[in-house]
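Undergrad: Return atomic coordinates for the entry below.
(one chain, ligands or ions: 1)
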Amino acid sequence: MKATVLAHPNIALVKYWGKRDDALILPHQSSLSLTLSPLSVTTTVEFGVPTDAVELNGHVAKGSERERVLRLLESVRAQAGDKSLGPAKVVSRGDFPMAAGLASSAAGFAALAVAGRAAAGLPRDTKAESILARLGSGSACRSVQGGFCEWQRGERPDGDDSFAVQRFDAAHWPELRMVVAILDRGEKDVKSRDGMKQAVETSPYYAAWVKDAEAEVPRAREHIARRDLQALGELCERNAWRMHSTSLAAEPPLCYLNAATVGLIHHLREHRKKGVPVWFTLDAGPNPVLLTDAANEVAAEALARACGALDVIRCVPGGDATLKSEH
Ligand code: 2P0
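TA: As a prediction, the model looks like this:
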């Protein structure tokens with residue numbers, strides 16, 4: 001009736017940006033990500049308590065945050081076909097700063113999906129776990145498994161074919177490094193969920209974004225298969241630029257970059273000219289994530305700090321969401 005699971009966040013190399021179904025969280029296009037270690041979120045789910053209770057990072061969750069967690073557990077009860085499971089207690093805690101801009105929700109909902117099913121007595125099933133995690137937050141479906149995961153958009157209106165599959169595990173490319181440059185610790189003005197909706201509804205470039213991103217996924221897969229850092233780095237950068245261009249063209253425009261972000265990007269180009277293999281990707285916030293290899297991670301960190309990074313987190317490819325305990 002009680003299970004604890006640890007999951008890692010992920011960074012998209014080909015981004016998810018826009019839903020075709022807001023309720024089921026079905027994307028317009030496929031995406032591809034890398035699971036990040038050592039960052040993690042640990043979540044415990046216990047059924048059969050007197051009342052529902054949700055605690056996230058030491059605070060009682062309220063409003064939509066609480067609703068998203070309880071809605072996911074409602075789907076667990078439906079899968080278990082067991083009405084006697086009763087109310088649930090959820091305790092979730094991340095070990096990295098929320099200000100990093102790395103969605104802790106991805107690791108949190110992945111851990112919740114895996115722990116929820118285990119606590120309900122259901123067997124491990126990565127497809128079912130990925131679909132459940134997706135109902136909490138789209139990017140969470142890519143954190144159920146480690147390494148490089150591809151969220152296939154699927155075609156079905158019920159979302160049963162929209163889940164992430166692992167293409168390569170973490171051991172495929174152990175020397176790959178992602179260096180998170182925290183340039184700004186502030187909360188972003190427009191959350192991803194609202195920003196992507198605004199882009200879908202008002203950006204004249206949206207259809208082109210969808211077509212291009214879908215086509216980039218198999219190319220990214222090929223570069224990863226060959227461990228071709230330069231080709232993957234170039235693909236990552238252009239995909240990030242295209243997501244941000246789509247958003248900049250929305251009405252009202254969405255600009256997630258700040259002056260320091262642009263400064264770092266220019267600096268990066270100069271470094272590459274000097275032979276340092278380092279590229280960036282950028283989510284819906286000002287903090288770039290630098291893609292490089294083990295031999296150059298110290299240089300990437302120094303570059304980030306020289307460009308004003310307040311903090312730097314060095315990451316390596318991470319593993320699957322894992323069950324820590326079950327009672
Ligand atoms: C991604 N992002 O692929 C993209 C790139 C941000 C930029 O997925 O509404 O928290 O819960 O499905 O997953 C962040 O959005 O949004 C995100 P919902 P989510 O990682």
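
Undergrad: For the rest of this, base every contact and every neighbour count on C-alpha atoms.
TA: Noted.

Undergrad: now this structure, which segments are flagged as low pLDDT?
TA: 98-103 (pLDDT under 70).

Undergrad: Any idea what the residue nearest to Ile265 when sequence neighbours are not counted is bridged to?
TA: Among residues not flanking Ile265 along the chain, Phe280 sits closest, at 7.5 Å (CA to CA, 6 or more residues apart in numbering). As for beta bridges, Phe280 partners with Leu290 under DSSP bridges.

Undergrad: Over to Val14?
TA: In this structure, Val14 bridges to Leu32 when assessed by DSSP bridges.

Undergrad: quick one: it and Leu232, what's the gap?
TA: Distance, Val14 to Leu232, by CA to CA, to the nearest Å: 10 Å.

Undergrad: With Ala309 instead?
TA: Using CA to CA, we find Ala309 at a distance of 24 Å from Leu232.

Undergrad: Quick one: name the residues of the chain near the ligand.
TA: Within the chain, the positions near the ligand by CA under 6 Å from any ligand atom are 11-12, 15-17, 25, 137-139, 192-193, 283-284.

Undergrad: Contact partners for the residue nearest to Ile265?
TA: Residues in contact with Phe280, defined by CA atoms under 8 Å, 6 or more residues apart in numbering, are 233, 236-237, 265, 288-291.

Undergrad: residues touching the closest residue in space to Glu150 that isn't next to it in sequence, list them.
TA: Among residues not flanking Glu150 along the chain, Leu32 sits closest, at 4.3 Å (CA to CA, 6+ apart). Taking CA under 8 Å, 6+ apart, we find Leu32 in contact with 12-15, 148-151, 217, 220.

Undergrad: Repeat that for Cys315.
TA: 36-39, 177-180.

Undergrad: Point me to the helix or strand that includes it.
TA: Cys315 is part of strand 311-317, with elements assigned from DSSP states H and E.

Undergrad: Output the helix or strand just after that strand as PDB - backbone C-alpha positions only.
TA: Sequence order places strand 322-326 as the next helix or strand after strand 311-317, per DSSP H and E. C-alpha atoms of strand 322-326 as PDB (Å, rounded to 0.1, in the frame of the first residue of the first chain):
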ATOM      1  CA  THR A 322      13.700   3.200  -9.500                       C
ATOM      2  CA  LEU A 323      11.600   1.700  -6.700                       C
ATOM      3  CA  LYS A 324      13.400   2.400  -3.400                       C
ATOM      4  CA  SER A 325      10.900   0.700  -1.100                       C
ATOM      5  CA  GLU A 326       7.600  -1.100  -1.100                       C
END
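
Undergrad: Which of the residues of the chain next to the ligand fall in strands?
TA: If you go by DSSP state E, those have 11-12 in strands.

Undergrad: buried sites along stretch 153-169?
TA: 153-154, 159, 161-169 (16 or more other CA atoms under 10 Å).

Undergrad: Kindly apply the preceding question to stretch 252-263 instead.
TA: The neighbour-count check on stretch 252-263 (16+ other CA under 10 Å) flags 253-257, 260-261 as buried.

Undergrad: Give me the domain ranges for the protein.
TA: Domain assignment of the chain by automatic domain parsing yields the ranges 2-173, 176-317.

Undergrad: Switch these over to TSV; also include distance to Glu326.
TA: TSV is the format used below for the domains of the chain (distance: least, CA to CA, whole Å):
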stretch	distance to Glu326
domain 2-173	4
domain 176-317	26
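
Undergrad: nearest to Leu323, of these?
TA: Among the domains of the chain, the nearest to Leu323 by CA to CA is domain 2-173 (4.5 Å).

Undergrad: what are the ranges of the helices in the stretch 151-300 of the chain?
TA: Residue ranges of the helices in the stretch 151-300 of the chain, as given by DSSP state H, counting those that start in this stretch, are 192-202, 206-225, 229-248, 259-273, 297-306.

Undergrad: With that, I have no additional questions.
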